[in-house]
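Colleague: Generate coordinates for the sequence data below:
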Amino acid sequence: MVDFAGVLTDPDAARFYDYLATARERGIRTALVSNAPGASNEVKNTMSGYFDALVFSGEVGVAKPDPAVYLLAADRLGLPAIRCAFVDDSATNVRGAVQAGMVGVRHESVEETLAELAVLFPAG
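Modeller: Below is the predicted model:
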């Protein structure tokens, strides 16, 4: 699971989008979890190429860091929280995911985040 602002808006985000596409090809289920009120159909169509689930707080009535939003996203992926990792640049939001039972990854740079995800989701 990935936050949008601060992660997918990182100047080096193209590498992260490539990672997401490859992860999905490997069968890793992905979700976008955003505190945005929602998104246009155009944005949703674009994002659906990278994510199996899109969760916008304004559409579901619960926001990060409330553990309920992470559990909702996990449910939409068909996974228990303990099988999920959440990436965000906000320590508060990462703590919320950890409280929901997920692995939390604090995004500081694309390089560091991808290195941590490679440990959590090794290829092969």
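Colleague: Doesn't residue 94 lie inside a helix?
Modeller: Yes - using DSSP: H, G, I helix; E, B strand; the rest coil, the secondary structure at residue 94 is a helix.
Colleague: what sits against it?
Modeller: Counting by CB atoms under 8 Å, 6 or more residues apart in numbering, residue 94 touches 86, 88, 104, 105, 106. All C-beta spots, glycine's among them, are computed from the backbone N, C-alpha and C.
Colleague: Generate a PyMOL selection restricted to the buried entries among the residues you listed.
Modeller: With 16 or more other CB atoms under 10 Å as the criterion, this PyMOL line picks the buried residues out of the contacts of residue 94:
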select buried, resi 86+88+104+105+106
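Colleague: Let's have the contacts of residue 94 in a markdown table, adding pLDDT, distance to residue 78 and secondary structure.
Modeller: What follows is the contacts of residue 94, written out as a markdown table (pLDDT from 0 to 100; distance: CB to CB, whole Å; DSSP: H, G, I helix; E, B strand; the rest coil):
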| residue | pLDDT | distance to residue 78 | secondary structure |
| --- | --- | --- | --- |
| 86 | 98 | 16 | strand |
| 88 | 97 | 22 | strand |
| 104 | 98 | 21 | strand |
| 105 | 98 | 21 | strand |
| 106 | 98 | 26 | strand |
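Colleague: mind listing what's buried in the least confident helix or strand in the chain by mean pLDDT?
Modeller: In the chain, the helix or strand scored least confidently by mean pLDDT, DSSP states H and E is helix 41-47, which has a mean of 92. Going by neighbour count (16+ other CB under 10 Å), the buried part of helix 41-47 is residue 47.
Colleague: Also stretch 90-107?
Modeller: Residues 90, 93-98, 100, 102-107 are the ones in stretch 90-107 that count as buried (16+ other CB under 10 Å).
Colleague: from these, which is closest to residue 47?
Modeller: Using CB to CB, residue 107 is the member of the buried residues of stretch 90-107 that sits closest to residue 47, with 17.4 Å.
Colleague: Spit out the contact partners of the closest one.
Modeller: By CB under 8 Å, 6+ apart, residue 107 lies in contact with 3, 6, 7, 10, 87, 88, 89, 113.
Colleague: Need the phi and psi values for it.
Modeller: The phi and psi torsions at residue 107 (degrees, to the nearest 10) take the values phi -80, psi 120.
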